[in-house]
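S.K.: Sequence first, then the predicted structure, then my questions.
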Amino acid sequence: DSRVEQLGAQRMTSLVECDTDYQERAELWINAVAGTLSQYASREIESGFSANRELSPASFNLPQQQAIETAAAVETVIPGSYDRSHPLHTRLIANRLLNQEASEKETRHYIFDLANTGLHYEAGDALGVWPTNCPDTVEEILHAVELQPTDIVTLKDHGEITVAEALLRHFEIARITPTILQFVQERSHSDQLETLLKHESKSRLKEWLRGRHLVDLLQEFPVTAGADELVRILKPLQPRFYSISSSPMANPDEVHITVSTVRYPFNGKTRKGVCSSFLADRAELAAEVPIFIQKTAHFRLPVNPDTPIIMVGPGTGVGPFRGFLQERQAIRAKGKNWLLFGEQRADQDFYFQEELEAMQRDGILTRLDTAFSRDQPEKIYVQHRLIEHGSEVWAWLREGAHFYIC
């Protein structure tokens, strides 16, 4: 928006930032309209279109029937196609801890079943996962605002359901938003919150919010709220996205992800990441987990399989490069592959070590450099390895290597 403004475009209306609930549908609509416009443009060119002709919004008006058909196309879900609004409900078939017992990290490798589903992905894509919230957190929040789990709320597209079910599946109940802060301040009449909400206290508020979840706020500043009042101040639950850690050529009936589980202590209690703890603790017990593919435009292997690649993937960032290497192995690509991996300790946090070392022995992984930050007095990270081997990095780039960071 700001770039278009700099270029001298005339503003027709103010910029409004909206929620992302309907992002996928908007993209479908835009693509449908763009396709229609390109057809009109082709006809114009065939009939002697003048490049100097002034274009106006009226010249892009679509016939009413065409607009109706476009809207209908957006509503129609093609069998075997899945997206954010129409996810695939499938089983989690593997949940493997990648760290050793003494590690400070909890990183897990997950595998979802895709057999006979028609869901397709490419190495480099991301997996969208719709989580459910932690039942214990739901219970704590309801207790804090003096609501019964069986109290009824009415939600668009879901009708009347219990407030417990609404909090469990449909709302963000961890993040504290400005709307929630304002609501609690008005109900609690807290001078502390009133001060923190002032514009000049922005940095203090950011620091104060660090580590706090919604339930911490409600326990610190007790307020009462009706069930409908509570859900009105909450944001809709959103999917979480993880780089895919597999290639469909090596795993045609599976999709893999590598996820670091978020857990930390706050005021004597353990607070957890919404989706990472769902995957670690409860997804295997769920009958099905809703997932979908988020395509990536540029995070792709080179079209030419002879092109060398350098992959910098510390921590869970190694995940998509595991997929890249699987794909290059499957297609017998001749291009050289260099991976730089880093974590805390080699004996506890070397993710996919056996697999990567096997690829190195087989000649798939041309070079593997590691940086384990806590294995020596001074901390060493992947950027130190890049500097250390700078001349070789430069030589690979001069050969036309693609450089990836995740």
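M.R.: Sure thing, it's come through.

S.K.: wait, Ala401 sits on Asn304?
M.R.: No. Ala401 sits out of contact with Asn304 when judged by C-beta atoms under 8 Å, with a separation of 11.5 Å. Heads up, the C-betas are built off the backbone N, CA and C, glycines and all.

S.K.: Which one's more surrounded, the two?
M.R.: Comparing Ala401 with Asn304 by neighbour count (other C-beta atoms under 10 Å), the higher total belongs to Ala401, at 20 against 11.

S.K.: what sits against the more buried one?
M.R.: Each residue near Ala401 by C-beta atoms under 8 Å, 6 or more residues apart in numbering is listed here: 307-310, 336, 338.

S.K.: Just the ones of the residues you listed in strands?
M.R.: Among those, the ones falling in strands (DSSP state E) are 309-310, 338.

S.K.: Tyr242 should be in a strand, yeah?
M.R.: Yes. Counting by DSSP: H, G, I helix; E, B strand; the rest coil, Tyr242 falls inside a strand.

S.K.: Now it: closest residue in space, sequence neighbours ignored.
M.R.: Ile257 (4.2 Å; C-beta to C-beta, 6 or more residues apart in numbering).

S.K.: residues touching that neighbour, list them.
M.R.: Ile257 touches 109-110, 112, 127, 129, 242-245, 319, counting by C-beta under 8 Å, 6+ apart.

S.K.: again, 7 Å this time
M.R.: Ile257 sits next to 110, 127, 242, 244-245, 319 when contact means C-beta atoms under 7 Å, 6 or more residues apart in numbering.

S.K.: for Ala144, same thing?
M.R.: By C-beta under 7 Å, 6+ apart, the residues touching Ala144 are 215, 218-219, 222.

S.K.: can you redo these as CSV with secondary structure, distance to Glu207 and pLDDT?
M.R.: Formatted as CSV, the contacts of Ala144 follow (DSSP: H, G, I helix; E, B strand; the rest coil; distance: C-beta to C-beta, whole Å; pLDDT from 0 to 100):
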residue, secondary structure, distance to Glu207, pLDDT
Val215, helix, 19, 96
Leu218, helix, 20, 96
Gln219, helix, 19, 95
Pro222, coil, 23, 94
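
S.K.: Just among these, which is most surrounded?
M.R.: Of the contacts of Ala144, with other C-beta under 10 Å as the count, Val215 tops at 25 neighbours.

S.K.: which secondary structure element contains the residue nearest to it when sequence neighbours are not counted?
M.R.: Of all residues not flanking Val215 in the chain, Glu140 sits nearest, at 4.7 Å (C-beta to C-beta, 6+ apart). In the assignment (DSSP states H and E), Glu140 maps to helix 135-144.

S.K.: Going by contacts, tell me the helices and strands next to the following helix or strand past that helix.
M.R.: As assigned by DSSP H and E, the chain's next helix or strand after helix 135-144 is strand 152-155. Counting contacts by 3 or more C-beta pairs under 7 Å, 6 or more residues apart in numbering; DSSP states H and E, strand 152-155 packs against strand 159-162, helix 163-169, helix 227-232.

S.K.: quick one, which of those is packed in tightest?
M.R.: Here the criterion is mean neighbour count by mean count of other C-beta atoms under 10 Å, and of these the winner is helix 163-169, at a mean of 21.

S.K.: Tell me who's in contact with Leu301.
M.R.: So Leu301 contacts 123-124, 324, 327-328 (C-beta under 7 Å, 6+ apart).

S.K.: And the strands in the stretch 251-400 of the chain?
M.R.: Using DSSP state E, counting those that start in this stretch, the strands of the stretch 251-400 of the chain run over residues 254-260, 263-266, 269-272, 289-294, 309-312, 337-343, 367-372.

S.K.: so what's the spatially most central residue of the chain up against?
M.R.: The centre of the chain sits closest to Phe241, judged by C-alpha atoms, centre = their mean, with a distance of 2.1 Å. Each residue near Phe241 by C-beta under 7 Å, 6+ apart is listed here: 126-128, 294.

S.K.: Great, nothing more from me.
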